[in-house]
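Q: Here is my input, please return the structure:
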Amino acid sequence: MRALEWIGASLLILLAAVTVLVARRAVLVRAGGTIKLNVRVSTMLHGRGWSPGFGRFVGDELRWYRLFSFAVRPKRVLSRRGLAVERRRLPEGQERLAMSADWIILRCVSHQAPIEIAMAKSTVTGFLSWLEAAPPGAVSPRMAQDWPAA
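A: Numbering: from 1, shown residues only. The predicted structure is shown next:
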């Protein structure tokens, strides 16, 4: 009888954890502006280290949340100021196991450190558009370097 109690308690804890994960994602996604986004969190092994999650656009920031996390705060925050795409490529080798075949990997550089992100091909255009967009009257630092001095 004692074993059945342990199994029941374990199943109840597992069900509660899954419910919290689903509720967390529903609350974060409800505001809109979210995309499926994988981030490479470790470069120790070639083609490994990808973590699934979703990104949420909030003003000048792309906030990345891990898919399987209880944290309410984003794991990474990418500011579009100083962020640039260095190159893009298709998944290769073991990366094809971690993401769909129609995903694109973007290597971005910023003030903090280089970062690799992966997203669906259909999402890349929107991400690049958001990256290059600026509020009316504002000039992004990357554009200012290309302009001739007045």
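
Q: So in this protein, which helix runs the longest?
A: The single longest helix within the chain, with elements called by DSSP state H, is helix 2-30.

Q: care to break this protein down by domain?
A: Using automatic domain parsing, the domain ranges for the chain come out as 1-30, 32-135.

Q: can I get the ones you listed in JSON lines with mean pLDDT and mean neighbour count?
A: Every C-beta, even on glycine, is put in place using the N, C-alpha and C of the backbone. Output for these, formatted as JSON lines (pLDDT from 0 to 100; neighbours: other C-beta atoms under 10 Å):
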{"stretch": "domain 1-30", "mean pLDDT": "85", "mean neighbour count": "10"}
{"stretch": "domain 32-135", "mean pLDDT": "86", "mean neighbour count": "15"}
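
Q: before we move on, the earlier item: counting contacts, what elements does the longest helix of the chain pack onto?
A: Judged by 3 or more C-beta pairs under 8 Å, 6 or more residues apart in numbering; DSSP states H and E, helix 2-30 is in contact with strand 53-58.

Q: Give me the local confidence score for Asp147.
A: For residue 147 the amino acid is Trp, not Asp. Trp147 is assigned 37 on the pLDDT scale.
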